[in-house]
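>>> build me a structure from this.
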Amino acid sequence: MIYLDLFLGFLKVGFFAFGGAYGAIPLIRDVVLSYGWLEDEMLTTMIAVSESTPGPIMVNLATYVGHSQAGFWGSLLATAAVVLPSFLIILLVMVLLKNALKNPYVQAVLRGVKPCIIGIILATGIYMIFHNCFGSIGVFKPNLTAILLTLGLGAVYFGSRKITKKGLSPIGLIGLSALVGILVYGI
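Below you'll find the model as predicted:
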């Protein structure tokens, strides 16, 4: 019976939680407290833990509550139930959009949006580089360490493209940046 309760409770959360993770917290609280799975204080603690761990809050909470109530299978069932509605909606959208993507007008819109998204990502990256290396707009405060790290990572990225013709993958560059950041700035 606990398995059915976990599945139905978290399926309800998955179906009716709109507005992102923070919008889902009241619904999660209602479901968890109504079934008596956790006390309010423990639920509040688990919300804080779920916010600070990787992954969506709903999935983290479903996994924890499922495990606390029914072990491994409970965590698997609760997690599957909370993500099932989103998965089904995405499948439905893909089936409906499959034909729409063949429409020349939709293709024209998507081709027009692509440069805009590239521009937004590029502008965000440039802003972050200048903000971290030279300070905010009104306050010029150069950070020599950040400037040298940025130049060094740029040299590694563009240098690897010259040497291997393929270059360092973005994931490799992110990993290298994280490692260098940990070594220079500490954890």
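
>>> ok, now which ones touch Ile2?
69-70, 74 (CB atoms under 8 Å, 6 or more residues apart in numbering). C-beta here means a position set from N, CA and C on the backbone, and glycine is covered the same way.

>>> over to Val59?
79, 82-83.

>>> that one sits in which helix or strand?
helix 57-100 (DSSP states H and E).

>>> find the centremost residue of the chain, please.
Gly55 (6.3 Å; CA atoms, centre = their mean).

>>> returning to that earlier point: okay, the contacts of Ile2 in TSV with neighbour count and distance to Ser136 next?
Output for the contacts of Ile2, formatted as TSV (neighbours: other CB atoms under 10 Å; distance: CB to CB, whole Å):
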residue	neighbour count	distance to Ser136
Gln69	21	48
Ala70	18	51
Gly74	22	48
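
>>> packing partners of the strand or helix carrying Ile174?
Taking DSSP H and E as the definition, one finds Ile174 inside helix 170-185. Judged by 3 or more CB pairs under 8 Å, 6 or more residues apart in numbering; DSSP states H and E, helix 170-185 is in contact with helix 144-164.

>>> quick one: low-confidence parts of the chain?
19-22, 187 (pLDDT under 70).

>>> let me see the domain layout of it.
Domain ranges of the chain: 2-100, 104-185, per automatic domain parsing.

>>> residues in contact with the helix or strand where Leu33 lies?
Counting by DSSP H and E, the element that carries Leu33 is helix 20-35. Helix 20-35 has contacts (CB under 8 Å, 6+ apart) with 5, 9-10, 12-13, 16-18, 38, 40, 43, 47, 51, 56-58, 61, 65.

>>> do stretch 179-187 as well
Outside stretch 179-187, the residues that reach it (CB under 8 Å, 6+ apart) are 145, 149, 152-153.

>>> so which of those residues comes closest to Phe130?
Leu149 (14.1 Å; CB to CB).

>>> that closest one: what's it in contact with?
180-181, 184.

>>> tabulate these (a markdown table), appending neighbour count and distance to Ser160.
Shown next, in a markdown table, are the contacts of Leu149 (neighbours: other CB under 10 Å; distance: CB to CB, whole Å):
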| residue | neighbour count | distance to Ser160 |
| --- | --- | --- |
| Val180 | 14 | 15 |
| Gly181 | 14 | 19 |
| Val184 | 11 | 20 |
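
>>> reformat those residues as TSV; add distance to Lys114.
Formatted as TSV, the contacts of Leu149 follow (distance: CB to CB, whole Å):
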residue	distance to Lys114
Val180	31
Gly181	31
Val184	35
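
>>> thinking again about what came up before, okay, buried residues for whichever helix or strand comes after the helix holding Leu33 please.
Using DSSP H and E, the helix or strand that follows helix 20-35 in sequence is helix 40-52. Within helix 40-52, the residues scored as buried using 16 or more other CB atoms under 10 Å are 43, 46-47, 50.
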